[in-house]
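Engineer: sequence and predicted structure below; questions after.
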Amino acid sequence: MAHPRQELQARAEQRMALRPSMLQSVRVLRLSAADLEDLLEREAEDNEALRLRSDFRSARGRAPDREAGDRHRLMLESRPAPEGGLRAELEEQLVMLDRTPGERAWIRLCLDSLDEHGYLSTSDEELLDLGLREGLGADRGALARAIATVQGFEPRGIGGRDLVEALLLQLDPAAPDYPALCRLVEEFLDEFATRRLGPVAEALGVEPAELERLGGLLRNLDPRPGAGLGGETAARVIAPDLVAEPGREGWDVRVEGSLLPSLEVDPASARGAWPATLDPAERRWRAARGERARALVEAVRQREETLLRVARAALERQRAFLERGPGHLVPLSMGEVAERLGLALSTVSRAVAGKHLQTPTGIVALRALFQVSGGSEGVATPGELGRAVRTVLGDEDPRRPLSDEAVARELAGRGLVLSRRTVASYRRKLGIPSSYRRRRA
């Protein structure tokens, strides 16, 4: 019979073994094909246990242009990165904090969940589920404190749940312009970005010259505070993730340029076949690198499998769209597909986000297959849209009010695709203040 201490250690090791695959699956699923390629290249450069075969880029018909990519990254860098990258800098800030082991575990879980922009876009429910699996419990208070800690790290904006919150975190609450800047970010970001300044100045009650001054302050903010976690990718032509083609018995769907055949884990790492003279610390380090590589390859496999399942389920309903065009889309929500496939709604939403489908008539966003009614968002009645926005806001945690962008994401997960600007418009019509004002109420 195993000693209780040994059993506890075994369970802890099992939880740690789960962690890489869970986190990698969440990250990889939401990436577009182009971003996934870039991630794999960075991982292969950093981890010798992951190998990319010579045909890696040619699998998707594109040759690497490292020189151009390097020039692009250098052009976009706005500040020097510390040795070891931003992730190392964040870890250094954590080390300096006086926290219990449990608190540190929650903070690290949040840091590990940051996306390539530095946003903590993973929902609280998913983070709590990860915490539960790692033996931290489903402690909402501990999670909230961990998020608040991460959002206090440098660079400012890290840990924001979306673009709006990342910008708000960079503002100084003690500054006299704070209320006006908050309103600009919360309510008029789209108008400001497209230079529709007249209505914005009128709504804020300021002169155009004052609005220009405020805009100058906004332009000093970083919309992607976590760029050092990943790296910028050069602008490129949209490449499809999936291809739909007519087959013998209907429509065939396949992953375009599957990357799996081009990935492999170093054989020695896979077998744990290292020299007998290797010291234990080096063995553990190499084993961890091998596990990280295996988790990433498995995440890519799961991504392709999930993409195929979701696309096939959607296209079974949207066959008329493939054969006759966009005017023949039928009502379909992500929730319906999630229920049919036995997947979480958030999984379907990630599988759809940023993905594109090649059809005989051209490339379309996979999200276009999901409509609350046939056609565009405008086909739903204004009353239905307003009720949907009110429902989401009515369910929010009062301690963490949802931004308009977060509401738009939630609605998209329910199959109702609205822009952030449209959400803001309906929110104002409903007489609901911005998340900034709800937070301070």
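Structural biologist: That came through, no problem.

Engineer: now the strands for this structure?
Structural biologist: 50-52, 242-247, 250-255, 263-265, 356-359, 362-365 (DSSP state E).

Engineer: how about the second one: buried residues?
Structural biologist: Which is strand 242-247. 242-244 (16 or more other CB atoms under 10 Å). For every residue, glycine as well, the C-beta is placed using N, CA and C.

Engineer: same check, this time on the third one
Structural biologist: Of the residues in strand 250-255, those buried under the neighbour-count criterion (16+ other CB under 10 Å) are 251, 253, 255.

Engineer: what strands line up against that strand, and which way round?
Structural biologist: strand 242-247 (antiparallel) (DSSP bridges).

Engineer: coming back round to it: I'd like the strands of the chain as a markdown table, with distance to residue 218 and mean pLDDT appended.
Structural biologist: As requested, the strands of the chain are exported to a markdown table (distance: least, CB to CB, whole Å; pLDDT from 0 to 100):
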| stretch | distance to residue 218 | mean pLDDT |
| --- | --- | --- |
| strand 50-52 | 40 | 79 |
| strand 242-247 | 38 | 89 |
| strand 250-255 | 40 | 89 |
| strand 263-265 | 42 | 75 |
| strand 356-359 | 31 | 85 |
| strand 362-365 | 29 | 76 |
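
Engineer: what sits against the residue nearest to residue 120 when sequence neighbours are not counted?
Structural biologist: Closest residue to residue 120 apart from its sequence neighbours, by CB to CB, 6 or more residues apart in numbering: residue 159 at 4.8 Å. Counting by CB atoms under 8 Å, 6 or more residues apart in numbering, residue 159 makes contact with 110, 114, 118-120, 147, 150-151, 153, 169.

Engineer: quick revisit: in a markdown table: the strands of the chain, plus distance to residue 140.
Structural biologist: As requested, the strands of the chain are arranged in a markdown table below (distance: least, CB to CB, whole Å):
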| stretch | distance to residue 140 |
| --- | --- |
| strand 50-52 | 36 |
| strand 242-247 | 37 |
| strand 250-255 | 38 |
| strand 263-265 | 37 |
| strand 356-359 | 36 |
| strand 362-365 | 34 |
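
Engineer: ok so, going back, and of the buried residues of strand 250-255, the nearest to residue 319?
Structural biologist: residue 251 (6.7 Å; CB to CB).

Engineer: excluding chain neighbours, what is closest to the closest one?
Structural biologist: residue 244 (5.5 Å).

Engineer: same deal with residue 419?
Structural biologist: Closest to residue 419 by CB to CB, 6+ apart is residue 408, at 6.5 Å.

Engineer: mind naming the longest helix for this protein?
Structural biologist: helix 280-317 (DSSP state H).

Engineer: show me how the protein divides into domains.
Structural biologist: 171-220, 377-440 (automatic domain parsing).

Engineer: of the ones you listed, which is nearest residue 129?
Structural biologist: Of all these, domain 377-440 comes closest under CB to CB, at 15.9 Å.

Engineer: and the average pLDDT for that closest one is what?
Structural biologist: Per-residue pLDDT values across domain 377-440 average out to 74.

Engineer: for stretch 174-187, same thing?
Structural biologist: 84.

Engineer: for it, buried residues please.
Structural biologist: In stretch 174-187, counting by 16+ other CB under 10 Å, buried: 180-187.

Engineer: gap between that stretch and the chain center?
Structural biologist: 26 Å (CA atoms, centre = their mean, to the nearest Å).

Engineer: before we move on, what about stretch 349-358?
Structural biologist: Using CA atoms, centre = their mean, the offset of stretch 349-358 from its chain centre is 12 Å.

Engineer: start the count at 16, not 1, going forward
Structural biologist: From this message on, residue numbering opens at 16, which makes the last subject stretch 364-373.

Engineer: how long is it end to end?
Structural biologist: This stretch, stretch 364-373, spans 19 Å end to end (CA to CA, to the nearest Å).

Engineer: how close does residue 266 sit to residue 260?
Structural biologist: Distance, residue 266 to residue 260, using CB to CB, to the nearest Å: 7 Å.

Engineer: correction: the previous question concerned residue 104.
Structural biologist: Distance from residue 104 to residue 260, by CB to CB: 47 Å.

Engineer: repeat for residue 121
Structural biologist: Distance from residue 121 to residue 260, by CB to CB: 47 Å.

Engineer: quick one on the thing from earlier: count the residues that sit near the residue nearest to residue 434.
Structural biologist: 23 (other CB atoms under 10 Å).

Engineer: is it in contact with residue 435, as I believe?
Structural biologist: Yes - using CB atoms under 8 Å, residue 423 is in contact with residue 435, at 4.9 Å.

Engineer: still on that earlier bit, for the longest helix of the chain, give the mean pLDDT please.
Structural biologist: 85.

Engineer: in that helix, which residues are buried?
Structural biologist: 301, 304-319, 321-322, 324-330, 332.

Engineer: try stretch 46-63
Structural biologist: For stretch 46-63, the buried set under the neighbour-count rule, 16+ other CB under 10 Å, comprises 46-49, 51-56, 58-59, 62.

Engineer: closest to residue 402 out of these?
Structural biologist: Distances from residue 402 to the buried residues of stretch 46-63, taken by CB to CB, are shortest for residue 47, at 32.5 Å.

Engineer: find the residue closest to that closest one in space, skipping its chain neighbours.
Structural biologist: residue 369 (4.4 Å).

Engineer: of the buried residues of stretch 46-63, closest to residue 401?
Structural biologist: residue 47 (32.2 Å).
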